[in-house]
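Enquirer: dropping the sequence and predicted coords here.
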Amino acid sequence: MTENYTALYEQHKKAGASFTDFGGWQMPLKYNSELAEHHAVRKAAGLFDLSHMGEVWVTGPDAAAFLDYALAGKLSAVAVGKAKYSLICDTDGGIIDDLISYRRADDKFLVVPNAGNAAVVAKELLKRSANFNVTVEDASAETSLIAVQGPNSEAILLKLVPAEQHALVTELKYYAAVEVEIAGQALLLARTGYTGEDGFEIYVPNLEAPALWEALLEAGEGSGLIPAGLAARDSLRLEAGMPLYGNELSRHVNAYAAGLGPVVSLAKESDFVGKEALADIKAAGVGSTIGQKLVGLKGADRRAARAHYPVLKDGTLVGEVTSGQPSPTLGYPIAMAYVDVEFAGPGTVLDVDLRGKPERFAVVALPFYKRQK
């Protein structure tokens, strides 16, 4: 596999990062202590390089109608300046990727797929655009993405934004975006994230990314801001009950089993790729009365479940863990797993086979952690 490096690779090396391959990218796993990075985001702020994510611009008179067809959600209903979480599905209802789409104008959207799926999604969107008056432009190679996450993130950001634009930041709602000047650059700022905390994601040209990274680190001095890697990002998103593509989501999984039924807009007037299959899946009761459902699991002891560990009920296989580890915030093991629907109710006691030894877990509602607002 070809190794890709973000525009911030040298910054990470200088900070002493340990690297790992993620979606073909060399990404910082941690800088010093993944536990310290996790707690910094919960209590103060963490700085993340998310430049491995994709950025695909969809523009043209048919942009909204096209995305209504290409994605499972109703993107035409999204107001300019707002964003929507959605899915791009196969004809059989399988999930190609989960993504966020930002509406920047009536005829302009920014679609953000996951790292390993960016090229696949861009190619699929281009293929689906054949009968629409739109342009699909994959800008992933020229774009960096930097996130500031945590309760101090707004205060840190305001140090780099002109006073006359402060209200644009403080009044920015969750799942919304605005263009503001940050450290002297006009950039797209979104109030989105993957940690369960308040925070922002900033889209910046590659050439300008290192200067912005350094400016944010400097602005965060005294506010507890530290750089954070993929290890902390994973433990944070798991506590927040957020799915990870390749773990909870895949082409072999459908929205109803994954608990993402509300993301699918079967009621929208237009046809969309996978609509017929998803309607049949819903009608059959998948994820509610038949098949499996994604659930949260809380450990009764200290040993953690990990991805692919079997889930048992009275010694019989009833599911499989998709993600699991000790929760740094909550102090006990947590996991997500697909289990047979009859055992998916909160309070159900199950066992996870931890390398030959059954360990008790209870089904709990997701998310495991919810920030106090």
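Expert: In hand now; what should we look at?

Enquirer: ok, which stretches of the stretch 101-250 of the chain are helices?
Expert: Secondary structure of the stretch 101-250 of the chain by DSSP state H, counting those that start in this stretch: the helices cover 118-128, 153-158, 166-170, 209-219, 230-239.

Enquirer: helices or strands next to the second one in the packing?
Expert: Read it as helix 153-158. Applying 3 or more C-beta pairs under 8 Å, 6 or more residues apart in numbering; DSSP states H and E, we find helix 153-158 packed against helix 166-170, strand 199-205, helix 209-219. Heads up, the C-betas are built off the backbone N, CA and C, glycines and all.

Enquirer: for Pro61, grab the count of nearby residues.
Expert: Pro61: 12 surrounding residues under other C-beta atoms under 10 Å.

Enquirer: leaving out chain neighbours, which residue sits closest to it?
Expert: Asn133 (5.0 Å; C-beta to C-beta, 6 or more residues apart in numbering).

Enquirer: enumerate every residue touching the one you found.
Expert: The neighbours of Asn133, taking C-beta atoms under 8 Å, 6 or more residues apart in numbering as the test, are 60-62.

Enquirer: may I have the phi/psi pair for it?
Expert: The phi/psi pair for Asn133 (degrees, to the nearest 10) reads phi -90, psi 80.

Enquirer: and it, what pLDDT?
Expert: The per-residue pLDDT reported for Asn133 equals 98.

Enquirer: ok, now how distant is it from Ala77?
Expert: 20 Å (C-beta to C-beta, to the nearest Å).

Enquirer: ok, now Thr143?
Expert: As judged by C-beta to C-beta, Thr143 and Ala77 stand 26 Å apart.

Enquirer: which of those two has more residues huddled nearby?
Expert: Neighbours around Thr143 and Ala77, counted as other C-beta under 10 Å, are more numerous at Thr143. The numbers are 22 against 13.

Enquirer: surely that one is in contact with Ile202?
Expert: No - Thr143 is beyond contact range of Ile202, at 10.7 Å (criterion: C-beta atoms under 8 Å).

Enquirer: which residues touch the residue nearest to Gly199 when sequence neighbours are not counted?
Expert: Nearest residue to Gly199 in three dimensions, chain neighbours excluded: Gln149, at 3.4 Å (C-beta to C-beta, 6+ apart). When contacts are counted by C-beta under 8 Å, 6+ apart, Gln149 touches 41, 45-46, 48, 193-195, 197-200, 228, 236.

Enquirer: count the neighbours of Phe200 for me.
Expert: 22.

Enquirer: skipping its backbone neighbours, what lies nearest it in space?
Expert: Val148 (5.2 Å).

Enquirer: Gln26 versus that neighbour, what's the distance?
Expert: From Val148 across to Gln26, the span is 22 Å (C-beta to C-beta).

Enquirer: which one of those two has more residues nearby?
Expert: The neighbour comparison of Val148 against Gln26 (other C-beta under 10 Å) goes to Val148, with 26 against 17.

Enquirer: distance of that one relative to Glu276?
Expert: Val148 sits 42 Å away from Glu276, going by C-beta to C-beta.

Enquirer: again, but for His308
Expert: With the distance defined as C-beta to C-beta, His308 ends up 32 Å from Glu276.

Enquirer: quick one: which of these two has more around it?
Expert: The neighbour count for His308 versus Glu276, taken as other C-beta under 10 Å, is higher for Glu276 (14 against 10).

Enquirer: tell me which element that one falls in.
Expert: Using DSSP states H and E, Glu276 sits in helix 275-284.

Enquirer: same check on Glu10?
Expert: Assessed by DSSP H and E, Glu10 sits inside helix 9-14.

Enquirer: how about the helix holding Glu276: buried residues?
Expert: Neighbour counts over helix 275-284 (16 or more other C-beta atoms under 10 Å) mark 275, 277-278, 281-282 as buried.

Enquirer: how about stretch 330-343?
Expert: If you call a residue buried by 16+ other C-beta under 10 Å, then stretch 330-343 has these buried ones: 333-341, 343.

Enquirer: which two of these have the greatest separation?
Expert: Spatially, the most separated pair among those is Pro333 and Val341, at 23.3 Å (C-beta to C-beta).

Enquirer: any regions of the chain where pLDDT drops low?
Expert: Low-confidence segments of the chain, defined by pLDDT under 70: 1-2.
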